[in-house]
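Student: missing the sequence, but the structure's below:
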């Protein structure tokens, strides 16, 4: 019990950070509490998020406001069919006056990078992000350039528009820690959005909202606390069993990889910390399994035709695996 007590007392930074983000983003984002929490989980784990939702659901606004709130540098890339790798990474440009090449840094040299409509950019440019996301470095003309320690990609994609798009390959999808689904707000929330705009709110003028920024040291401390969340051996076996069960599930042609198991444990630890605990329980794993696994499994064509969804399969897998006592 003493160890548990110490674990609880050591996650104050996570609680403080999560509560502050919820309060401040609540000033500009109506509803979407689960989405905001998942954005925070991505940041706490040092991963990347794939954000899926139809246009107009404040996906860009949420990421932009989060960067301002956490005092992180923010850049945005609007993806198009003619976007080239150099447009994202940068390039060495010859300086006529100096008679030498100088590095022109692309938008990846930032803390939070929003890649808007990532499935509109061609595969060559999508692949250019792989090294950035996995290694947190950029290689230009053979020279390696490190990226920020806070470097995080939030990539959006439209789930209903497929003309002129390039679906992300499995290797690219697996680089995303979580796939976050953004849904329509409830009727009361949508009415509140209209009321806010009537009262003068403008998403293009966030500086007028008066967001109270978070001390950058708090995010570093919160990440350290998440890493220290305790995981019992029984939970290792539980996470392994869940992931391995997807590989033999009858409606799936592709199950989750060992990297998915690592991601599941990391996000579950962050969820435990956000819930005020310094130790992992099975409910933490269950709650984050859908956003961590939904983009890492592939339905068989016949299952897709029957209307079975990835989230439905994940729920069935969770129900089929014995929970440790």
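Tutor: That came through, no problem. Keep in mind that this is a model prediction, so the values were computed, not measured. Numbering: from 1, shown residues only.
Student: would you confirm that residue 144 contacts residue 137?
Tutor: Yes - applying C-beta atoms under 8 Å, one finds residue 144 in contact with residue 137, separated by 5.2 Å. For the C-beta atoms, the positions are set from N, CA and C on the backbone; glycine is no exception.
Student: so these two - more neighbours on which side?
Tutor: Counted by other C-beta atoms under 10 Å, residue 144 and residue 137 do not tie: residue 137 has more neighbours, with 13 against 10.
Student: surely that one meets residue 149?
Tutor: No - using C-beta under 8 Å as the test, residue 137 is too far from residue 149 to be in contact (11.5 Å).
Student: now the helices for this structure?
Tutor: For the chain, the helices defined by DSSP state H occupy 2-9, 12-25, 33-45, 59-69, 85-89, 123-135, 170-173, 187-198, 216-227, 233-246, 258-274, 282-293, 301-305, 310-320.
Student: quick one: residues in contact with the longest one.
Tutor: Outside helix 258-274, the residues that touch it by C-beta atoms under 8 Å, 6 or more residues apart in numbering are 11, 14-15, 18, 37, 40-41, 44-45, 47, 174, 177-178, 222, 225-227, 229, 231, 235-236, 239-240, 242-243, 278-281, 284-285, 287-289, 291-293, 296.
Student: ok, the third one next?
Tutor: For helix 33-45, the external contacting residues (C-beta under 8 Å, 6+ apart) are 14, 17-18, 21-22, 25-26, 29, 48-49, 62-63, 66, 70, 152, 154, 177-178, 180, 182, 219, 222-223, 226, 263, 266-267, 270-271, 273-274, 288, 291.
Student: buried subset of the residues you listed?
Tutor: For those, a neighbour count by 16 or more other C-beta atoms under 10 Å gives the buried set as 14, 17-18, 21, 25, 29, 48-49, 62-63, 66, 70, 152, 154, 177-178, 180, 182, 219, 222-223, 226, 263, 266-267, 270-271, 273-274, 288, 291.
Student: burial check on residue 173, number of neighbours?
Tutor: Number of residues near residue 173 (other C-beta under 10 Å) recorded here: 15.
Student: now do the contacts for the closest residue to it other than its chain neighbours.
Tutor: Residue nearest to residue 173 in three dimensions, not counting chain neighbours: residue 295, with 4.8 Å by C-beta to C-beta, 6 or more residues apart in numbering. With contact taken as C-beta under 8 Å, 6+ apart, residue 295 is in contact with 50, 173, 176, 179, 310.
Student: looks like the last one contacts residue 292 (just checking).
Tutor: Okay, so that is residue 310. No - applying C-beta under 8 Å as the test, residue 310 and residue 292 come out as separate, 11.4 Å apart.
Student: who has more neighbours, the two?
Tutor: Set side by side, residue 310 and residue 292 show more neighbours around residue 292, with 29 against 21, by other C-beta under 10 Å.
Student: surely the more buried one touches residue 177?
Tutor: Yes - here residue 292 lies in contact with residue 177, judged by C-beta under 8 Å, at a distance of 7.1 Å.
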